[in-house]
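**Student:** how would this look folded up:
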Amino acid sequence: MHNFLNINNIFFTFIGYQMSYLEFFGTIFNLWCVYLAAKNKILTWPIGIAGIILYLFLFYQIQLYSDFFEQIYFLITSFYGWFLWRKIMLKNKSGESKQLQISYNVLKNNIIVISLIILGTALTGYFMQHIHLYFPKIFPVQASFPFLDALTTVMSFIAQFLMAKRKIECWYLWILVDIIGIGLYYIKGVKFISLEYLIFLCLAIKGLVDWQKQYHNQIIKGKI
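**Tutor:** Next up, the predicted model:
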């Protein structure tokens, strides 16, 4: 198991690129998770948890510490989202399915979201920029791209929470995270994850379109 979780343990080599077990299987689980989320399937949560655990080990080893802490948050919120989606989808006494409806945030909440992104990025970026000084034994190597990494982390935090609440704005944030992630992970040399984020981008766009369609269907059916 220790070797499996080591990024230097190579699964296969493709066109000169060495693919670790950790990167390959973590990516597969996360792609599957996003696909299921776009399809509004509850299985997205347990599948995502498996991918999150693998990425915990990966990001620590490539010094993307904001992403490392992000996975811890994702782990917690994935259990929350799993519980919430399962709870609201249980049948009520009349036998009808109870679902948390897809919806948009109100303007006030979106202003709060933008403010949290700006403030959270500044604070998290500064902390990650100096984390190797604060905790040299745990993080001996300086963080890579601390503020850019912090930006994607903070947006992902909020997007994950909004997705659990089935707010359409989550997909706008995921799209931004994916665009940045494509370049960031390519530069860090984990090119398969960069490719993964390109696929994530396509799935996020599909998720946005699908959720918007379901939202309008809910309006037509009088559920909103």
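**Student:** L64 is in contact with Q142, isn't it?
**Tutor:** No. Applying Cβ atoms under 8 Å as the test, L64 and Q142 come out as separate, 11.6 Å apart. From N, CA and C alone the C-beta is placed, and that goes for glycine too.
**Student:** Now do the shared contacts for the two.
**Tutor:** When contacts are counted by Cβ atoms under 8 Å, 6 or more residues apart in numbering, L64 and Q142 have no shared neighbour.
**Student:** avg pLDDT for stretch 214-224?
**Tutor:** Taken as a whole, stretch 214-224 carries a mean pLDDT of 77.
**Student:** Contacts for it, please.
**Tutor:** In this structure, residues lying in contact with stretch 214-224 by Cβ under 8 Å, 6+ apart are 40, 101-104, 168.
**Student:** what's the answer for stretch 198-211, then?
**Tutor:** Contacts to stretch 198-211, defined as Cβ under 8 Å, 6+ apart, come from residues 30-31, 34-35, 37-40, 102, 166, 168, 171-172, 174-175, 178-179, 181-182.
**Student:** Give me the phi and psi angles of P146.
**Tutor:** The phi and psi values for P146, taken as degrees, to the nearest 10, are phi -60, psi -40.
**Student:** Could you give the number of residues near it?
**Tutor:** As a burial measure, P146 scores 21 neighbours (other Cβ atoms under 10 Å).
**Student:** How about the one 10 residues further on?
**Tutor:** The burial metric for S156, expressed as a neighbour count using other Cβ under 10 Å, is 24.
**Student:** Please name every helix or strand in contact with the helix or strand that contains it.
**Tutor:** S156 is part of helix 146-164, with elements assigned from DSSP states H and E. Packed against helix 146-164, as judged by 3 or more Cβ pairs under 8 Å, 6 or more residues apart in numbering; DSSP states H and E, are the following elements: helix 65-88, helix 107-134, helix 169-187.
**Student:** May I see these organised as JSON lines, with mean pLDDT added?
**Tutor:** As requested, the helices and strands packed on helix 146-164 are exported to JSON lines (pLDDT from 0 to 100):
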{"stretch": "helix 65-88", "mean pLDDT": "82"}
{"stretch": "helix 107-134", "mean pLDDT": "93"}
{"stretch": "helix 169-187", "mean pLDDT": "93"}
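**Student:** possible to save those helices as CSV with distance to Q160 and mean neighbour count?
**Tutor:** CSV is the format used below for these (distance: least, Cβ to Cβ, whole Å; neighbours: other Cβ atoms under 10 Å):
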stretch, distance to Q160, mean neighbour count
helix 65-88, 5, 19
helix 107-134, 12, 15
helix 169-187, 8, 20
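**Student:** Nearest to L151, out of the ones you listed?
**Tutor:** helix 107-134 (4.6 Å; Cβ to Cβ).
**Student:** I'd like to know which elements that closest one is packed against.
**Tutor:** Applying 3+ Cβ pairs under 8 Å, 6+ apart, one finds that helix 107-134 makes contact with helix 65-88, helix 146-164.
**Student:** same thing but 10 Å
**Tutor:** Counting contacts by 3 or more Cβ pairs under 10 Å, 6 or more residues apart in numbering; DSSP states H and E, helix 107-134 is packed against helix 65-88, helix 146-164, helix 169-187.
**Student:** Select, out of those helices, the one closest to T124.
**Tutor:** That would be, of the helices and strands packed on helix 107-134 and by Cβ to Cβ, helix 146-164, which comes in at 3.9 Å.
**Student:** the inter-axis angle of that closest one versus helix 169-187?
**Tutor:** Going by axes from the mean of the first three to the mean of the last three Cα atoms, to 10 degrees, helix 146-164 is angled at 150 degrees with respect to helix 169-187.
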